[in-house]
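S.K.: Give me a 3D structure for the following:
(chains A and B)
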Amino acid sequence: MAEERRPKQCTVVLPTESMKAMAESIGVGQLQEESCAALSEEVSYRIKEIAQDALKFMHHGKRRKLTTSDIDHALKLKNVEPLYGFQSQEFIPFRFASGGGRELHFYEEKEVDLSDIINTPLPRVPLDVSLKAHWLSIEGVQPAIPENPPPAPKEQQKAESTEPLKVVKPGQEEEGSIQKGQGAISAEAKGKKEGLMRMKPRSTHELSVEQQLYYKEITEACVGSCEAKRAEALQSIATDPGLYQMLPRFSTFISEGVRVNVVQNNLALLIYLMRMVKALMDNPTLYLEKYLHELIPAVVTCIVSKQLCLRPDVDNHWALRDFAARLMAQSCKTFSTTTNNIQSRITKTFTKSWLDEKTQWTTRYGCIAGLSELGPDVIKTLILPRLTVEGARIKAVSEGPVVSNIDKIGADHVQSLLLKHCASVIAKTRPLPDNMEQYRADYGYLGPTLCSHVVKARAQAALQAQQVNRTTLTITQPRPTLTVSQSGIGGSGGSRSPSIIKVPSSLTLMSTRPGTPTQPSPPATKYIVMATSAGASSTQQVITLSSSSGSSVTSTVASATSTLQPLVKLESRGAGGLGGSRPLQKYIVVSLPTSASSSLESKSGMLPPSSSSTSPISLEAGMKMDRSDSPGASTQSPH
Amino acid sequence: MAAVQDGQLNMEVEKDIKTEITNDGSGNINANSSSPGSTSSGGKSKSPAGSGEDQQTLLAVLQFLKRNKLTESVDILRREAGLSADADDSPVSDSAGAGSGGVPNVSADGGDANSLLSRVSIATPVAPPATAPPKVVAASGGEDQPDVNVVLSAYSQQGDPVLYPLYYNGLKKFIESVLDCHRAELSQVFYPLFVHMYLELVYNNHENEAKQFFEKFSGDQECYYEEDLRILSSMSKKEHMKGNETMLDFRTSKFVLRISRDSYQLLKRHLQERQNNQIWNIIQEHLYIDIFDGMPRSKSQIDAMSGSLAGEGKRDANKAKVFYGLLKEPEIEVPLDDEDEEAENEEGKPKKKKPKKDSMGSKSKKQDPNAPQQTRIPLPELKDSDKLDKIMNMKEATKKIRLGPDNLPSICFYSFLNAYQGLTAVDFTDDSSLIAGGFADSTVRVWSVTPKKLRRVKSAADLSNIDKESDDVLERIMDEKTASESKILYGHSGPVYGISFSPDRNYLLSSSEDGTVRLWSLQTFTCLVGYKGHNYPVWDTQFSPYGYYFISGGHDRVARLWATDHYQPLRMFAGHLADITCTLFHPNSNYVATGSADRTIRLWDVLTGNCVRILTGHKGPIHSLAFSPNGKFMASGATDGRVLLWDVGHGLMVGELKGHTDTIYALKFSRDGEILASGSMDNTVKLWDTLKAFDDVELDDFTAATGHIHLPENSQELLLGTYMTKSTPVIHLHFTRRNLLLAAGAYNP
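M.R.: Residues are numbered from 1 along each chain as shown, chains lettered A, B, ... in the order given. Predicted structure coming up:
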């Protein structure tokens, strides 16, 4: 009759030391040991009593968490004055400190400066309660909509892939049409069925008609020409919970797509495919591990392939490499385990081809980008030691006899890439002072430029340290941090087709199929916001927006690994380009096409608008890229 | 009937509880007579035997002692009685000896004692109210502490604290050695015995022994008593016992055990052989053993029924007849000129019952034999608007989907967003046009879920300008400017825990932590009445299905029945041993069900105020109740995650639905009673096949008579579907008139 002994904490009593401490705090010294013991027992009992009553309030409040107000009500029940001023929605952390043989737990109370409170802007008013209806079940079947939990949780997907024999697919039971509702397999039900059917499911990837239709629509939208549709499709991939059954198809679609388009040098499509990968990785309900063998080669291809576009001298394939490198780094972070060793395998691959003398500049760029995205540690151990060698190579190209334009561009890019990534790492690790000559000695040809970059980076870091460490400019779906809208475009934008803007650190890439002439598609406008730090290539962002009439801002700028990324807020106002920036950083707001009267106001700070310009890209010397049909623009990393 | 009555009515029920072995009053007397020293040691302690009762009981006791040749005790008692009531310092320190000396004889010739005790018990009700048995005091109390010392004094008899574990162990060994068929039954004794022995030890200041005793044996107790054990364990001092509710519950109410005659004989014989007075004493005083003839029950049967704070319900407590049938619907002529062609089909039958009643009422116009008299309790007359509503209802009912295992309802989920963990109660109107939510910030919010917006009635000044003769006067009185999708009602000063719409959608009730129940008008969106009576948080309130009456229950353990036009309650239902956590009207409005934290459900007769059913079997506080539309069955859900099904007429448990993993806050039968929906804190809605559940139970005469039902283990077969929400606990469920299931809860990201 007796069940297993449960842990007994019933006899827990407060230590007598606490009594003493409390007595001292109200000025009673020298409390006798006996009275302490008596007190502590009494206090413990009362506390337990109050806790029990507070639990009642929690239950009736239909919550799982006990709140301070529950305790207050329990005290009120006992006719005790509640503790005022302990309203907290959050867990109150206790700090621990020890020293001098004493251990203390305390609640950290900061001194608050009233003027700070008065001067800070009011927080946002919390949203009011609202009511939203959705279908939890339609005639016994739970629809796979975002409001409902994913039909198959990630754990189950994992279990399915690792132990396929143990799981019987929902919906395959002969009996119980009800249990076909994919949500309907309770743990017990599964347990029960386990005994009955221990066989591998006949066909794992059978798609329903609706799913096939969805798959078709999504894939078409993803590689199609309509940017608005694509944004919608990508958002669907990134958020919809019920995609796991289609995952193998998506995976194959991507890997095949990359294979074909690399051969055909179809840059735009490669970009679209990479964005799909990104969206898949963003979806929290998918268990991607099973498909990495298809996805990773595709991504790596986009990083290191010799040629990704038809005209390597004009097209901005560098951005694709950057983007893919970032994807690679993200997947290393997420999926690398001791068994699959993704990170080390990837690192090895990159290093090997980088070290190869015959490697082309494009591949070289990709390798370096891939490596540097893996983090400062990798930069420090793998890239820094090779700066001298690389510098010499760059010197040979840029100062030597003119070989070919392509090589020169490549070398330029590699140089700026190295400077960008290494500067921040050096700024963190290398002790002061920054001596130009010393740098030359250590890093060769790139030394002096590097030095100035490092100085800049240090200044930036100091500036940033004062603020909250905002490391990312992550503008995912509708997000209040970035609001760009455009006015007055409705009439003029009809014939324009989307164009590509790519900048080395841009993550949002948009373009139409190259070679496709003007297509009737919703006007999309892009803004490039670059923060230049007086010659140093420190930060830059591209905010690419397709602001077709009423469509929401869909601009995904992935978490940037660069440490110095200011938060940019853009807002459109009447007319006239306007860009404000702080003295150190310059935001260049480029609005395309120039015909459209659009405006941006950078609100990154309360600083007066200065040194802002609405400049055509050509002023920024460097890599230029034009789409065949559109007033394309590209920017070059500043110097 | 509408007259305001006192709640004393049902106290008589409590008093009625006379036992064949012993009763409370006599228990106390025994204790006092055998150990006057420790009674007086309480100082202020008021002897339960008041002056009026004194003479009679003393005489009886003396006689009893004499017959048992306890001359020493007789002498002491005489001396005391002779000295006078206030002289109480006679130094009888050998109370332990006296205690153990006096009691075994009670058991030795039980027959004799019984006859004598019965005389005492006759005397008890005669006694003036002040000396009523403490049980009644406690039951009616709740407001304030009953005289704790009176209650506690029964523990004053003292055995050697060291022997307690031995006694307990001895009994344990014995029970483990008896035949299997008896073991399960006798094991029931462990828990109450354990509790009382522990309390005795604590009361007599044997703190360490008590702790050891607890450590040693608390592990043997059934897991469903864990909650109580935790409370018990925190009590380690005599002072703690004062004012502790759980303690009072144990002391003031007898723990009811149901044991077959054979098993009982076995136990009795053993205890007599071993001269195990201490245990026998406790059994006599604190337990009520309901002896039945027949086969001993199995472990599973016992487990199904036990778990409540005070043991099982007594068999005779559930014997009263309950009119569970439905009232006859008033005949309403459906106007034939209606525009709705669908309804046309139905017009063939001139009279159509309310959909709820389809299963029952469509049989005939005759009165259901199980239904109460139409006028058993006065019900409000139907207004024209009510009739219109009924007609609407019938029309809707014709479009109703017939549900079944192959035809599951669609579920529409209403999520409360941005509620910040503050949503505490939800209710839908019967026609599903309005949703009300109670919040922890003391507000009540009402939403319209139809395109029709909520409008306020115009102010008095504006109203006077309206042409009262016009046809659309009802439309004209509304103030268009106030139209909005939701309205907020301010008035409470604490979290709102219960909420209920009136059937005519004109009123809304809310009960709150501040101890009041408020009636709101949904015409003016103002508070009309604040019903004060509960001094402590009111956990739940519910309108009668016919309106006018409503029930409320809360922390003070008393459920109150109110009428909207009386500011004082019409009935007070006292008897629960812990907070009343949920309340519900029977569909015929003649009965009220209350669920409590003492893990019992009670059914009260609105007319007489009597408790007509005590249903035990839950292992945790009950948080939801639902009656089947035909009034015959009831479902209840508790914190233990189980749903129990009850036959109201027989007072029997007829089913157990396992599957939820957390508190069940919502239960609802479909309009035809074929499906039961349950919503829980574990973020799921589950659907159960109740038709099958009720069919599976075979009720023969024997089970009906003894209540020893054998429950089939078929939760899995009855489960029709489980629907996970996205981190949204389900706190209310409602079937629309067309059998669409609505669910509501707050999204907790």
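S.K.: all contacts plus neighbour counts: C-alpha atoms, from now on.
M.R.: Will do.
S.K.: Any stretches of chain A with poor pLDDT?
M.R.: Across chain A, the ranges flagged by pLDDT under 70 are A:1-11, A:85-94, A:152-205, A:402-403, A:466-639.
S.K.: lowest-pLDDT helix or strand in chain B?
M.R.: helix B:134-140 (a mean of 35; mean pLDDT, DSSP states H and E).
S.K.: residues in the stretch 551-700 of chain B within reach of chain A, list them.
M.R.: B:Met681 (CA under 8 Å from any CA of the partner chain).
S.K.: Tell me which residue in the stretch 551-700 of chain B sits closest to chain A.
M.R.: B:Met681 (7.6 Å; CA to the nearest CA).
S.K.: My read is that that residue contacts B:Tyr665, right?
M.R.: Yes - contact criterion CA atoms under 8 Å: B:Met681 and B:Tyr665 qualify, at 6.9 Å.
S.K.: Kindly point out which residues are neighbours of both of these two.
M.R.: By CA atoms under 8 Å, 6 or more residues apart in numbering or on different chains, B:Met681 and B:Tyr665 have these common neighbours: B:730-731.
S.K.: Could you check which of these two has the larger neighbour count?
M.R.: More neighbours surround B:Tyr665 than the other of B:Met681 and B:Tyr665, with 28 against 25 (other CA atoms under 10 Å in any protein chain shown).
S.K.: could you dump the helix or strand containing the more buried one to PDB, C-alpha only?
M.R.: Secondary structure assigned from DSSP states H and E places B:Tyr665 in strand B:664-669. Taking C-alpha atoms only, strand B:664-669 is exported to PDB below (Å, rounded to 0.1, in the frame of the first residue of the first chain):
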ATOM      1  CA  ILE B 664      -8.900  20.400 -14.800                       C
ATOM      2  CA  TYR B 665     -10.500  23.800 -14.800                       C
ATOM      3  CA  ALA B 666     -13.200  23.200 -17.300                       C
ATOM      4  CA  LEU B 667     -15.800  20.500 -18.000                       C
ATOM      5  CA  LYS B 668     -18.800  20.600 -20.200                       C
ATOM      6  CA  PHE B 669     -21.200  18.100 -21.600                       C
END
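S.K.: Now that strand: average pLDDT?
M.R.: Taken as a whole, strand B:664-669 has an average pLDDT of 94.
S.K.: Same check on stretch B:629-643?
M.R.: 91.
S.K.: Pull the residues that contact the strand holding B:Tyr665.
M.R.: B:623-629, B:635-639, B:641-643, B:675-681, B:730-735.
S.K.: on contacts alone, who are the packing partners of the helix or strand harbouring A:Cys302?
M.R.: Following DSSP H and E, the helix or strand that holds A:Cys302 is helix A:292-304. Identification of packing neighbours for helix A:292-304 by 3 or more CA pairs under 8 Å, 6 or more residues apart in numbering or on different chains; DSSP states H and E yields helix A:247-263, helix A:267-282, helix A:317-335, helix A:361-373.
S.K.: Of these, which is nearest B:Gln716?
M.R.: Ranking the helices and strands packed on helix A:292-304 by their distance to B:Gln716 (criterion: CA to CA) puts helix A:247-263 first, at 32.7 Å.
S.K.: Cool, thanks, signing off.
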